[in-house]
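Asker: Here is a sequence with its predicted model. Questions after.
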Amino acid sequence: MTCDTWLQSCLLLLLLLIGKLARASGASAFVGVDIGTDITSLPAASEMIAVLNLHGITHLRLLDANVHLLSALANSSIEVIIGVTNEEVLGIGQSPSVAAAWVNRNVAPYLPQTNITAIAVGREVLTSIPHAAPVLVPAMNNLHEALVASNLNFQVKVSTPQSMDVISRSFPPSTATFNSTWNTTMYQLLQFLKNTNSYYMLNAYPYYGYTSEDGIFPLDYALFEPLSTAKQIVDPNTLLHYDSMFEAMVDAAYYSMEALNFPGIPVVVTETGWPWFGGPNEPDATVENAENYNNNLIQRILKNTGSPSRPTMPLNTYIYELFNEDMWQRPISEKKWGVFFSNGSAVYSLVLNTSSRISVNGSVVFCVAQSGADPDKLQDGINWACGPGGANCSAIQVGQPCYSPNTLQNHASYAYNDYYQKMSGAGGTCAFGGTATTTTINPSYGSCIFTGSSVSSPSPGTAVSPTASGPTSPEGGSSGTNMRVPGICCLVMAIILELIILGLR
């Protein structure tokens, strides 16, 4: 093997191990989404996965173990939590054989092609089906033992999502404790999480925290909006400042675990969000509030700092939910938590990652004007996109391919899309004051062609980072070609980094 090949191999190995090290250290927080299937017109599994890929979603929680979705997720990079339904908890908790059958049916056949990383046992079992409390931890144990028997326990963790209602009083966070009714169960639960190196799953909904407190806390506090000096929220015991109700809820969970002498278990927020529509008695369920909450939440999580009491613990979070589950029979707002309609169009503008890359795996997405948008705002959007935004709007001029139909919506769609394709890689978004949305439906017509973004093959006009070339020798090769890197160096680097990774576990 030549020295060039040795160097390339070593560098590749080093990059792979560094990536593994970053994952092992849990350095970066993520935002995932939940998918429920109580939908009248349930999209095909392939269409759901296409939406995930289009929006760069890398973490997914299924509220059940939908076989079609698990199959469709094969060979993707998406990390998946699958759910045991509340109806299944009793049987699994009472019978190890039922637990083994569940794992053999819903987990083992899909690994490793589908990247299942955890099982969520039930959904808020202690408060939604309290009669099942005595078998909750046995159910978790039975599932864990089934995973051990299949040699999957290091790949798949077991936990159970609980609501904020298991905490008797969540503010101030430093005095929060679990409701004494559940002390025995919570102790057993936390002992299980500690023994299996798992994490506490928390469903944290500031929407309910705000609407149930009758104005004690300001709406801005629930929506991650800046607070005036007079409205600052401070824990009087720790003097920690809380910029959002979400952070206070997470810390309430940490302090509640600490009160039972389990201070080191991480919290993962498995559900949070805001409904975008409600009934007459639900005035705070609006598109504006939902858009503000989820976008502010994403920005907060991706800052990669933890809660005030645990600043080094990542705030990994799942947004509830991807699609509106319209089969719910409870208040109107229960059906309106989704960030997408079942046809894949966005309910409101949402940036799901810091780079704003909406397309992956060669998929195509367009930025177009929303139907029914305010004409003045559309004109403002066109003026900005074609001016300071730098979009090429020549195609919508008189006599050009995209001039007709001569409507604000058509011209705005072309201008918005041209800007978006050029600037999404540099942080540009498809927002335009709420008058734009993303779609996978190609808006091109006749000789008017809309360019779609594609990460795998950048489109004309899409910003592409230049590749930096190294210094070259007079012979045209790299100036580093005379470097001799023995193979033993690669082995040493690999061993050292693997030892570091093992030390982090």
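Answerer: Happy to help now that I have it.
Asker: Now the helix or strand hosting N104: average pLDDT?
Answerer: Using DSSP states H and E, N104 sits within helix 96-106. For helix 96-106, mean pLDDT rounds to 97.
Asker: what residues does whatever helix or strand comes next after that helix touch?
Answerer: Going down the chain from helix 96-106, the next helix or strand is strand 115-121, by DSSP H and E. The contact list for strand 115-121 (CB atoms under 8 Å, 6 or more residues apart in numbering) reads 61, 70, 73, 76-84, 89, 92, 107, 110, 136, 139-140, 143, 155-161, 198, 201, 270. In short, each C-beta sits where N, CA and C put it, glycine included.
Asker: Name only those of these that count as buried.
Answerer: Neighbour counting over the contacts of strand 115-121 (16 or more other CB atoms under 10 Å) leaves 61, 70, 73, 76, 78-84, 89, 92, 107, 110, 136, 139-140, 143, 156-161, 198, 201, 270 as the buried ones.
Asker: Check which element follows the one helix or strand in the chain whose mean pLDDT sits lowest along the chain.
Answerer: Ranked by mean pLDDT, DSSP states H and E, the helix or strand of the chain with the weakest confidence is helix 3-25, at a mean of 42. For helix 3-25, the following helix or strand on the C-terminal side (DSSP H and E) is strand 31-35.
Asker: Strands along this protein, start to end?
Answerer: Assignment of strands within the chain using DSSP state E yields the ranges 31-35, 59-62, 79-84, 115-121, 157-159, 161-163, 200-203, 233-234, 241-242, 267-272, 317-319, 366-369, 436-439.
Asker: Please name whichever of the ones you listed is nearest to E325.
Answerer: Minimum separation from E325 across the strands of the chain (CB to CB) falls at strand 31-35, 9.5 Å.
Asker: Tell me which other helices or strands that closest one touches.
Answerer: Judged by 3 or more CB pairs under 8 Å, 6 or more residues apart in numbering; DSSP states H and E, strand 31-35 is in contact with strand 59-62, helix 287-301, strand 317-319.
Asker: let's see it at 7 Å
Answerer: Other helices and strands packing on strand 31-35, by 3 or more CB pairs under 7 Å, 6 or more residues apart in numbering; DSSP states H and E, are strand 59-62, strand 317-319.
Asker: Quick one: the helices in the stretch 101-250 of the chain, in order.
Answerer: When assigned using DSSP state H, counting those that start in this stretch, the helices of the stretch 101-250 of the chain occupy the ranges 125-128, 133-149, 183-195, 206-211, 219-222, 245-259.
Asker: could you dump the fifth one to CSV, C-alpha only?
Answerer: Just to be clear, that refers to helix 219-222. Only the C-alpha atoms of helix 219-222 are listed here, as CSV (Å, rounded to 0.1, in the frame of the first residue of the first chain):
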residue,chain,number,x,y,z
LEU,A,219,-47.9,34.3,27.6
ASP,A,220,-44.4,35.4,26.4
TYR,A,221,-42.9,33.2,29.1
ALA,A,222,-44.7,30.2,27.6
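Asker: Name the residues of it that come out as buried.
Answerer: 220-222.
Asker: Of these, which is the nearest to Y420?
Answerer: D220 (29.7 Å).
Asker: Next, the contact list for the closest one, please.
Answerer: Shown in contact with D220 (CB atoms under 7 Å, 6 or more residues apart in numbering): 226-227.
Asker: hang on, A395 packs against C402?
Answerer: Yes: using CB atoms under 7 Å, A395 is in contact with C402, at 4.2 Å.
Asker: Overlap in contacts, those two.
Answerer: 414, 448.
Asker: Minimum distance to N294: which of the strands of the chain has it?
Answerer: strand 317-319 (6.0 Å).
Asker: which neighbours does the closest one have in its sheet, and in what orientation?
Answerer: As defined by DSSP bridges, the strand partners of strand 317-319 come to strand 31-35 (parallel), strand 267-272 (parallel).
Asker: Show me what it is in contact with.
Answerer: Under CB under 7 Å, 6+ apart, the answer for strand 317-319 is 31-34, 59, 61, 269-273, 294, 297, 301, 339.
Asker: swap in stretch 371-389?
Answerer: When contacts are defined by CB under 7 Å, 6+ apart, stretch 371-389 is touched by residues 369, 391, 393, 408-409, 411-412, 415-416, 419, 432-433, 435.
Asker: one more time with 8 Å
Answerer: Outside of stretch 371-389, the residues within contact range by CB under 8 Å, 6+ apart are 369, 391, 393, 408-409, 411-412, 415-416, 418-419, 423, 428, 432-436.
Asker: cool, and stretch 149-161?
Answerer: 100, 103-104, 107-108, 111-112, 116-125, 136, 140, 143-144, 147, 189, 192-193, 196-203, 268, 270-271.
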